[in-house]
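Visitor: After the sequence you'll find the predicted model.
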Amino acid sequence: MTDRRPDPKAFPRIPYEDHFRLSLSDLQRILGIAQSSGGRFAEVFLEYRIYSFVLMEEDILKETAETISLGAGIRVVSGEKTGFGYTNDLAFDKIRSAALSAAAIAASPTTSKVVDFKAALSPRNVYRAREVPSRAPLEKKIGLVRDAYAFCRKASRAVKKAKASLQDSVQYVMIANSDGLLVTDARPMVKLTCLAIAEKGRSREYGFSGGGGRVGLEYFASERTPRTIGEEAAREARGLLEARPAPAGEMPVVLSPGHAGVLIHEAVGHLLEADFNRKKTSVFWDKFGRKVGSELITIYDDPTIPAFRGSYNIDDEGTVPRKTLLIEKGVIKGLLQDRLSAGLMNMPLTGHARRQDFSDIPIPRMANTYIDKGGDDPADIIRSVKKGFYADRFQGGQVEDSGKFTFSVSSGFLIENGKLTAPVKQATLIGSNVDILAKIERVGHDLTFGLQTGTCSKEGQDVPVTDGCPTLKISMMTVGGLEE
Amino acid sequence: MTAAPRADDLPALAERIVRFGRSCGADEVEVSVGEGTEFSVDVRLGEVENLVEAGSRSLGLRVIKDEKTAYASSSDLDEDTLKRLVRNAVRRAECASRDAFSALPPLSKRKVDPAALSIYDPEVGRLDSKTKIGLALETERIALSDARITNSYGANFVTNDGTAVLANSKGFLGRFQKTYCSLSVGLQAGATDERVEDFWFSSQTRFGALETPEQIARTAVERTVRQLRPRKIKTQRVPVIFEPMMTSGLLGFLFSCVAGTAVYQKSSFLAGRLGRRIAAPAVTVVDDGLLPAKLGTSPFDAEGVPTRRTVVVRKGVLASYLCNTYAARKLKLKSTGNADGGGVGPNNFYLEAGPHAPADIIRSCEKGLLLVRTLGHGLNPVTGDISRGAFGLWIEKGEIAYPVSEVTISGNLGELLKNVEMVGSDLEFRGSVCGPTIKVSEMMVAGT
């Protein structure tokens, strides 16, 4: 449950003022300047992020890096128009000049009143970082990387190369807008990944694994250890050495739980982002409240799942996010909203406005997207296929607004007479979303989420996401492999 | 809080940070400073949608101590912050492993005059907002005037005006300015449930070289409507013709396989193949950082090594890998001036034009697929395997018959390069990685 009491800490004192060095009256002045040409809505987004990176490859600790990002983005909205300016120099005159650039979008000079900041509601904390990586000693992070690397190399003699890295960051944001909102957030993030290259004769394959999220380093002692991550990468690479090329043509496809969430992300999630529907470019724009797929599927996006990579306490416009029902029993029930689209479409905010950083305009994005569990036993689902393809591990996908999408399978199995048989590698699945959603004929009870390592790109902006699904059967789909 | 430096002071700032790094105990220090202004306008259905104007700066840093390396960067140029970052970096370097291959490049005697490269166009900075917004509006207006276009993703005009400064403890100090502008439009055609989409663009270092709104709009319309009413095709092996944009995508994949970093890590299928035939004799691939006015042109790379022309594939034979200093030392080669951030990046990386008109290449094809767009990721540099979603035009008896969609193409870059039968004459430098139309004798096309 979301705690709706005002948080005494969020107001009137401004946290992070050491980074931003702006007073409440500075923020009021900036918002005033931003609205000086008559813009209806103005917003200041301040960001300070510390990022650290540790890399091990070729048996040595090769590189460490630290990055500091500091900046302010100022946005003015007037109808469907957005004016935007940003600066990474937080001297008042530089912010003022960014505010004037943003103000230029509106064209009816007014003297706006001074914003009165209201006390903010405190969202539930979805971060689970006890041992915050940005404050942990470098030696501890190096230890995790060395362990993942060593377990990967040790796992199999076929593994000839490995690469392990740890990335962590903490992002402090402060958002103030002309509606009187003033909120802050401190978002931790960590990711440990391992890549293995296995060789046998002339063939060479790679495997990947990882873990992390909005968690602290304690996660790697209990949830997914460096050993698990290193060994999984090795196992995938070694397994692919034995795999044969994937089949080509149309056939029934069973998707493994968890990793196949990327299909839902591509086939459904993007096209339910509000901007594509407001602009009527999405194939779904005229199908709200209509049935677009099998009754077996119900899809949510939930930015409030504790510790998940795609989660956040507030979105990048300061909205407290909600678990959002997108599709219920095949019927479109909701869209992922930001302020601009929600206002223009007269729909409720869902807390899905996200931006890569202060230099980007926020747009509707996914957070943690998943197909809810169904009623079928996964083993029964596989048994129901006489001849088909089991897609196990995925590299990613892409969709266009017409609903045509692809996703890349790095490894899978042939299904013959209800059993998984030969391991196969490298195939692209392609389809059109409305068609595929209608063809989902079995949904397992084994809802699982993919690795906490995913990143989604839209309009040049990358944001962390998670996706998930149970075992799914699609009655017929085009598999693009090499074997006839 | 110290005052932020002015643009003229950036070389002085870079040199100051280099000296500070040395005084903190680093053996070698490299500092890059970038400064730029950005303008971007999105228009859609005749109205301005987003208008962005901004300036930004950042500083990047590499220190080496006892053959141990650390990196840092910051967009906060406050000198106290920078000094703390330098001290942290030296301390972090001490935690890394010794690596005898870590080093800054030796100071080169060769110098490239930035002015001779024509990559800075003062006109870009002088364009007023009205002109820039007008270009985007005009491009979209022309495209929407075609009745077959049913929706618009909008048109976009972008300019960038940037300065790059690099200084290091070997005594290198370099500075150059570069401009960029681009105009693009994205369109949809067909009713909601039969939508097809595409876009077209022009991007240049010089404003005068940009295609006109008319040219961009007409091309975007043609590219979009030619995909209307697609058919599915049977799974089969056929010749595939790559349009220039598709060849460029393929070249990007080839680049990741000849990049020295992938080669010394043996994560490229082209590792250990130097001097061997890897492609058909019609294939010559070049990386050239010195081509005047091109998008990938610059006087020196991210380590201060002067850029140059490197033949990567000469008439089908792998002639050179592309290296930064680190990869070069690993491979016992010389840097080719391709350092980019911490890795290796292309300058102008292109497939040389061949003798064939694109229309003749299509005519040569009894049955096959003209590849116009791909969707998805399936490229594996370790094996060279390619597997992607594809949109194309079906060719029968040397003529375009109908569009096809929901197919995938599969192959292997190694095989594909050897199967290049024809190379087109239509090379255009639309990006820093590019190529002309090519015909590949056979690929697997999966449909129904």
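Guide: Nice, I can see it.
Visitor: May I see the domains of chain A written out as residue ranges?
Guide: Domains of chain A are assigned by automatic domain parsing as A:8-241, A:245-480.
Visitor: got the end-to-end distance for the last one?
Guide: Taking Cα to Cα, to the nearest Å, domain A:245-480 runs 10 Å from one end to the other.
Visitor: all helices for the stretch 51-200 of chain A, in order.
Guide: Here the stretch 51-200 of chain A has its helices, by DSSP state H, counting those that start in this stretch, at A:92-103, A:138-155.
Visitor: just checking, what packs against the last one?
Guide: Using 3 or more Cβ pairs under 8 Å, 6 or more residues apart in numbering or on different chains; DSSP states H and E as the contact criterion, the neighbours of helix A:138-155 among helices and strands are strand A:41-57, strand A:60-78, strand A:159-177, strand A:182-200, helix A:226-241, helix B:79-95. From N, CA and C alone the C-beta is placed, and that goes for glycine too.
Visitor: Quick one, which of these gets closest to residue B:335.
Guide: With distances scored as Cβ to Cβ, the stretch of the helices and strands packed on helix A:138-155 nearest to residue B:335 is strand A:60-78 (18.3 Å).
Visitor: tell me the mean pLDDT over the closest one?
Guide: For strand A:60-78, mean pLDDT is 94.
Visitor: how about it: buried residues?
Guide: Neighbour-count burial for strand A:60-78, counted by 16 or more other Cβ atoms under 10 Å in any protein chain shown, picks out A:61-78.
Visitor: how much does that strand deviate in direction from helix B:79-95?
Guide: Taking axes from the mean of the first three to the mean of the last three Cα atoms, to 10 degrees, one finds that strand A:60-78 is oriented at 150 degrees with respect to helix B:79-95.
Visitor: could you say which helix or strand contains the residue lying closest to residue B:319 once chain neighbours are set aside?
Guide: Excluding its sequence neighbours, the residue lying closest to residue B:319 (Cβ to Cβ, 6 or more residues apart in numbering or on different chains) is residue B:311, at 5.0 Å. Per DSSP states H and E, residue B:311 falls inside strand B:309-314.
Visitor: The residue in the stretch 351-484 of chain A positioned nearest to chain B pairs with what?
Guide: Proximity to chain B, evaluated over the stretch 351-484 of chain A using Cβ to the nearest Cβ, is greatest for residue A:480 at 2.4 Å. Legend: beta-bridge partners of residue A:480 under DSSP bridges are residue A:428.
Visitor: Show me the shaky parts of the stretch 351-484 of chain A.
Guide: Within the stretch 351-484 of chain A, the stretches with pLDDT under 70 are A:484.
Visitor: now check stretch B:327-337, is it near chain A?
Guide: No. Figure legend: stretch B:327-337 not in contact with chain A (Cβ under 8 Å from any Cβ of the partner chain); closest approach 8.9 Å.
Visitor: Go ahead and name everything in contact with that stretch.
Guide: Applying Cβ atoms under 8 Å, 6 or more residues apart in numbering or on different chains, the contact partners of stretch B:327-337 are B:101, B:103, B:105, B:259-261, B:263-264, B:287, B:289, B:300-301, B:303, B:305-308, B:310, B:320-325, B:344, B:347.
Visitor: tell me which residues of the strand holding residue B:311 are tucked away?
Guide: Within strand B:309-314, the residues that count as buried by 16+ other Cβ under 10 Å are B:310, B:312, B:313, B:314.
Visitor: Would you mind pulling up the elements that that strand packs against?
Guide: strand B:285-288.
Visitor: The same query, at a cut-off of 10 Å, please.
Guide: Applying 3 or more Cβ pairs under 10 Å, 6 or more residues apart in numbering or on different chains; DSSP states H and E, one finds that strand B:309-314 makes contact with helix B:244-258, strand B:285-288, strand B:349-351.
Visitor: Could you provide the ones you listed in JSON lines, with additional columns for distance to chain A, mean neighbour count and mean pLDDT?
Guide: Output for those, formatted as JSON lines (distance: least, Cβ to the nearest Cβ, whole Å; neighbours: other Cβ atoms under 10 Å in any protein chain shown; pLDDT from 0 to 100):
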{"stretch": "helix B:244-258", "distance to chain A": "12", "mean neighbour count": "22", "mean pLDDT": "96"}
{"stretch": "strand B:285-288", "distance to chain A": "23", "mean neighbour count": "22", "mean pLDDT": "98"}
{"stretch": "strand B:349-351", "distance to chain A": "21", "mean neighbour count": "28", "mean pLDDT": "98"}
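Visitor: Turn those into CSV, including distance to residue B:33.
Guide: Below are the helices and strands packed on strand B:309-314 laid out as CSV (distance: least, Cβ to Cβ, whole Å):
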stretch, distance to residue B:33
helix B:244-258, 27
strand B:285-288, 26
strand B:349-351, 26
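Visitor: So for residue B:430, which of these sits nearest?
Guide: It's helix B:244-258; of the helices and strands packed on strand B:309-314, that one is closest to residue B:430 (Cβ to Cβ) at 7.2 Å.
Visitor: contact partners of the helix or strand that comes right after the closest one?
Guide: Under the assignment DSSP H and E, the closest C-terminal helix or strand after helix B:244-258 is helix B:260-264. Helix B:260-264 is contacted by residues A:58, B:101, B:255-257, B:267-274, B:320-333, B:335-336, B:338-339, B:342-344, B:381-382 when judged by Cβ atoms under 10 Å, 6 or more residues apart in numbering or on different chains.
Visitor: hmm, try it at 7 Å
Guide: Under the contact criterion Cβ atoms under 7 Å, 6 or more residues apart in numbering or on different chains, helix B:260-264 has outside partners B:256, B:268, B:270-271, B:321-324, B:327-328, B:330-331, B:343-344, B:381.
Visitor: From those, keep the buried residues only.
Guide: With neighbours counted by 16+ other Cβ under 10 Å, those contain buried members at B:256, B:268, B:270-271, B:321-324, B:327-328, B:330-331, B:344, B:381.
Visitor: Between which two of those residues is the distance greatest?
Guide: Maximum distance among the buried ones among the contacts of helix B:260-264 (Cβ to Cβ): 19.3 Å, for B:328 and B:381.
Visitor: residues contacting the closest residue to residue A:192 other than its chain neighbours?
Guide: Nearest non-adjacent residue to residue A:192, counting by Cβ to Cβ, 6+ apart: residue A:166, 5.0 Å away. Residue A:166 makes contacts with A:54, A:141, A:144, A:145, A:192, as judged by Cβ under 7 Å, 6+ apart.
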